[in-house]
Every structure is written in C-alpha cells, then in structure tokens.
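Visitor: sharing a model prediction with you, sequence too.
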Amino acid sequence: MEKQFLIDDFKIGEAWRLFKIMGEFVDGIETMHDVGTAVSIFGSGRIKREDPVYKKAEEIAFLLVKNNFAVITGGGGGVMEAANRGAAKAGGASVGLNIELPFEQKPNKYSNINLEFKYFFIRKVMFVKYATAYIIMPGGFGTLDELFEAVTLIQTHRIKPFPVILVGSNYWSGLIGWIKERLLEEKRISPEDLDILQVMDDPEEIVKAVKRVVII
C-alpha cells in the first residue's frame, strides 16, 4: 500500500497524483455507466452473519434486485457483504466499491462488479451519482458520513432529491430525536429538512418506498 495519509501527503512536485485521481474517476464512470437504476446500501462492516441486521440487509438487497434495481455497496464485510450477497443471490448487478484501508476493509466475494479506490471522495461521488436512493443500515462513523453527505447535498440542492431511508427505528430513534430537539428547535435546520429522512423497518415497505419515487 502507498502512504496511508494520502490527502495530507500532497506536496509541491507531487501534482502527478492528480492523474491518479482522474484515472479513478474515469475507471469509475466507465464501469458504472451501464449498471442501471441502482440503490446504495450502507452499514457497519463489523456486523456478523448471524446478526439480524445482516439478514435484513441481505433481504432488502434481494428484494431490490427482484424489483429491477441494482445494488451498490462499499464492497467490504458486514452489511456490505450482506447486501452484495442478497443482490447476487437474486441474479442482479451487485456492485462493490471497495476502498483501500490499512485495516478492517477487505473485499467480499459477492459483488459481481468491482472497483478499487484509494480516495474516499471519488468513491463517494460514485455512491451518489449512480444511486436513486440511499438505504442506511445500522453503522458507525463511515455510515454516518455517507448519511449526512447525502442529506447535505439534497438540502443544498446540489443533487436531485432521492429517498434516504434509515433502517431500524430502535437504532436511529436517538439520532432523530437529537436532530429534532437540538437542530430543529435551535433553528439550525428548517422543518422541511426533516422530510429528507425516512425511518423504516420492514424490507418490503422499504422497497415500496423506493419504487414510489423512482421510475425504472
């Protein structure tokens, strides 16, 4: 692996790294161009196969493919593996956008379309550009990062609105409560900004919510 702190490592005379960045963009766009109507699924890479969250992610991905959606994940383990597994089992496009990390992230074997990234920001562009919905399973900092990236882009009208669905009312209730009690009450956000987020539990209802606003 190259130097770990890639962004910090830009120095005078290292502008050649920009060509690597452009190359990642080109590879991503060329690979993703024909994926079709897709949904990006996020969640913890640390969840084990026996975890109910794993099983639910697999079921959601399976149902999405059966309803003519492709599935995009970060390509690693846990929820990402589960979603790729469900999509592959249903016979659809199972995309893994893997990121090179010094620990934790290893590609799963269930993605049938694979890309490797060195730069998080390019990978995040691919998640947004080719998704017609975001499904957010329980996760950690990386999951929250993807969640609020999408919410911010929608809130600021940088991208067209699409469903952002938080799966697991028990898991997300504290966050939603904090957003209402702090951000909304202190006027850090507008009331309509809350409409960007949906909290749901049932896989079939989640797929129906996506289909209501996405034309395939």
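Guide: Structure's in. What do you need? Bear in mind that the values here come from a model prediction, so they are computed numbers and not experimental data.
Visitor: low pLDDT regions in the protein?
Guide: For the chain, residues meeting the criterion pLDDT under 70 lie at 1-14, 102-105, 215-216.
Visitor: the helices in it, which residues?
Guide: Listed in chain order, the helices of the chain (DSSP state H) span 17-32, 52-66, 79-89, 120-129, 141-155, 169-178, 203-213.
Visitor: figure out which of the ones you listed is closest to residue 99.
Guide: helix 120-129 (5.6 Å; CB to CB). Quick note: C-beta positions are derived from backbone N, CA and C, even for glycine.
Visitor: the closest one packs against which elements?
Guide: helix 17-32, strand 94-99, strand 113-117, helix 141-155 (3 or more CB pairs under 8 Å, 6 or more residues apart in numbering; DSSP states H and E).
Visitor: can you list contacts of it?
Guide: With CB atoms under 8 Å, 6 or more residues apart in numbering as the test, helix 120-129 has contacts from 21, 24-25, 28, 32, 40, 72, 74, 97, 99, 115, 117, 134, 146, 149-150, 153, 159.
Visitor: pull out the buried residues from that helix.
Guide: Neighbour counts over helix 120-129 (16 or more other CB atoms under 10 Å) mark 122-128 as buried.
Visitor: could I get the residues you listed in CSV, plus columns for distance to residue 177?
Guide: Below are the buried residues of helix 120-129 laid out as CSV (distance: CB to CB, whole Å):
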residue, distance to residue 177
122, 34
123, 31
124, 27
125, 31
126, 32
127, 27
128, 27
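Visitor: closest to residue 16 among those?
Guide: residue 122 (16.4 Å).
Visitor: residue 184 contacts residue 194, doesn't it?
Guide: Yes - using CB atoms under 8 Å, residue 184 is in contact with residue 194, at 6.7 Å.
Visitor: quick revisit: which of the helices and strands packed on helix 120-129 sits most buried?
Guide: Among the helices and strands packed on helix 120-129, strand 94-99 has the highest mean neighbour count (mean count of other CB atoms under 10 Å), at a mean of 24.
Visitor: one step back: show me the one of the helices of the chain that comes nearest residue 107.
Guide: Of the helices of the chain, nearest to residue 107 by CB to CB is helix 79-89, at 9.3 Å.
Visitor: what residues are up against residue 58?
Guide: So residue 58 contacts 82-83, 85-86, 89 (CB under 8 Å, 6+ apart).
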